[in-house]
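Q: Fold the following.
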Amino acid sequence: MQIILATNNSHKTMEIKSILNFSFNKILTLNDAGFSGEIEENGQTYYDNSRIKALAVRNKISDKIILADDSGLEIDYFNGEPGLHSARFLPGLSQKEKNKEVLNRLKNIKPEKRSAKFVSVVCCILPDGESHFFKGVCQGHIAFHIQGEEGFGYDPIFVPSGFSKTFGTLSEDIKNVVSHRASAFSQTRNFLVYTGLLD
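A: Numbers count the residues shown, from 1 in each chain. Have a look, this model is predicted:
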């Protein structure tokens with residue numbers, strides 16, 4: 001059975017495919033599946049938004065497994081922002097400019113007050129319409145400088161707990177074990193294998 005990932009983000013797609021570790025021809029992006037149109041993410045939680053995306057695809061394609069995730073960076077000093085609005089944080093700025101602005105707002109803030117976490121929630125809708133959710137969290141802190149070119153989004157400024165370097169410098173193999181998305185999608189993979197839907 002095939003899986004549709006409710007995304008066309010090439011970086012995210014490659015990351016998720018590596019984590020799921022299924023045959024790549026089993027995993028389709030929205031473009032691969034012929035899905036077109038914008039999906040408005042107007043939920044109040046990661047669970048809401050992941051389900052909104054999954055249901056939007058399910059309403060047009062119902063014979064495949066649908067996986068949709070919503071994720072965000074929660075910075076404690078910012079009272080959990082940008083969180084749910086991470087992708088839409090500081091509109092009009094490039095991602096690199098957003099990262100610089102976050103660091104600028106944390107200028108002179110001591111290490112113990114730079115704590116943060118990445119959160120990812122996956123909504124999995126099965127062909128029979130049954131929904132399941134899987135949540136992953138990666139604790140860490142915000143670096144003092146942009147580090148590395150690996151990954152995407154806020155990866156170059158986030159240092160996961162137990163490491164001294166940002167996700168932007170860590171290899172894909174390491175990130176795909178310790179990240180928030182790795183946790184959420186590994187749980188998803190285990191569920192699909194356990195239920196016999198995929199091997």
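Q: Please identify the helix or strand for the nearest residue to Gly43 once chain neighbours are set aside.
A: Spatially, and ignoring its direct neighbours in sequence, Gly43 is nearest to Asn49 (4.2 Å; CB to CB, 6 or more residues apart in numbering). For glycine as for every other residue, the C-beta is placed from the backbone atoms N, C-alpha and C. Here Asn49, judged by DSSP states H and E, is contained in helix 46-58.
Q: Buried residues in that helix, which are they?
A: When neighbours are counted by 16 or more other CB atoms under 10 Å, the buried residues of helix 46-58 are found to be 46, 48-58.
Q: ditto for stretch 113-129
A: 114, 116-126.
Q: Return the member of the residues you listed nearest to Glu97.
A: Nearest to Glu97 out of those is Ala116 (CB to CB; 18.7 Å).
Q: and that closest one, how far is that from Val178?
A: 15 Å (CB to CB, to the nearest Å).
Q: What mean pLDDT does the helix or strand Thr188 falls within get?
A: Assigned by DSSP H and E, Thr188 belongs to helix 180-194. The predicted model assigns helix 180-194 a mean pLDDT of 96.
Q: tell me what it is packed against?
A: Using 3 or more CB pairs under 8 Å, 6 or more residues apart in numbering; DSSP states H and E, the elements in contact with helix 180-194 are helix 10-20, strand 65-75, strand 115-125, strand 131-142.
Q: Please identify the buried residues of the following helix or strand past the second one?
A: Same thing as strand 65-75. As assigned by DSSP H and E, the chain's next helix or strand after strand 65-75 is helix 95-105. Buried residues in helix 95-105, counting neighbours by 16+ other CB under 10 Å, are found at 98-99, 102-103.
Q: Work out for me the element the residue of the chain most remote from its centre sits within.
A: Here the chain reaches farthest from its C-alpha mean at Asn108, the gap being 29.0 Å by CA atoms, centre = their mean. Assessed by DSSP H and E, Asn108 sits outside every helix and strand.
Q: And the most centrally placed residue in the chain, how far from Asn59?
A: Closest residue to the average C-alpha location of the chain: Ser71 at 4.4 Å, with CA atoms, centre = their mean. Ser71 sits 23 Å away from Asn59, going by CB to CB.
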